[in-house]
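Participant: following is a predicted model, sequence given first.
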Amino acid sequence: MELPAFDLGEFIRWKDGKIIVKETDMDPAVEFEAKDFTLGGIEKFGGAAGVDIEAACKFVKENMDRKFGPTFHCVMGEGFSFEVTR
């Protein structure tokens, strides 16, 4: 498996704690709110021991549902992968 090309700009944004969106079909206004809620959840539930991922995810989900209706899902974490089979 080949790794994707290194993107210095993306690395700098990640290092500075900025949210990186790889791909989305959300309206730009909704995407902005999603980023804002995500950053707020991470800041609110983050500490010296790390981020309480479950609480931050719940924060994002509840705020998105309240503002845009109950159609959103929120997944946070590390090491996600997927496999497509026939």
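Facilitator: On my side now, so go ahead.

Participant: please count neighbours and contacts with C-alpha atoms only from this point.
Facilitator: OK.

Participant: so where do the strands sit in the chain?
Facilitator: Taking DSSP state E, the strands of the chain run over residues 46-47, 50-51.

Participant: want to throw those strands into CSV with distance to Gly79, mean neighbour count and mean pLDDT?
Facilitator: Formatted as CSV, those follow (distance: least, C-alpha to C-alpha, whole Å; neighbours: other C-alpha atoms under 10 Å; pLDDT from 0 to 100):
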stretch, distance to Gly79, mean neighbour count, mean pLDDT
strand 46-47, 19, 12, 86
strand 50-51, 15, 12, 84
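
Participant: turn those into JSON lines, columns for distance to Pro4.
Facilitator: Shown next, in JSON lines, are the strands of the chain (distance: least, C-alpha to C-alpha, whole Å):
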{"stretch": "strand 46-47", "distance to Pro4": "30"}
{"stretch": "strand 50-51", "distance to Pro4": "27"}
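
Participant: looking at those strands, which is closest to Asp7?
Facilitator: For those, proximity to Asp7 was assessed by C-alpha to C-alpha; strand 50-51 is nearest, at 25.7 Å.

Participant: picking that back up, nearest to Phe6, of the strands of the chain?
Facilitator: Between Phe6 and these, the shortest separation by C-alpha to C-alpha is 26.2 Å, and it involves strand 50-51.

Participant: next one: that closest one to chain centre, how far?
Facilitator: Here the centre of strand 50-51 is set off from its chain's centre by 14 Å, with C-alpha atoms, centre = their mean, to the nearest Å.

Participant: begin at 42 from now on, thanks
Facilitator: Sure thing, new numbering starts at 42, so read that last one as strand 91-92.

Participant: may I have the strands that pair with it, each with its orientation?
Facilitator: If you go by DSSP bridges, strand 91-92 pairs up with strand 87-88 (antiparallel).

Participant: run the chain-centre distance for the partner strand.
Facilitator: Taking C-alpha atoms, centre = their mean, the mean C-alpha location of strand 87-88 is offset from the chain mean by 16 Å.
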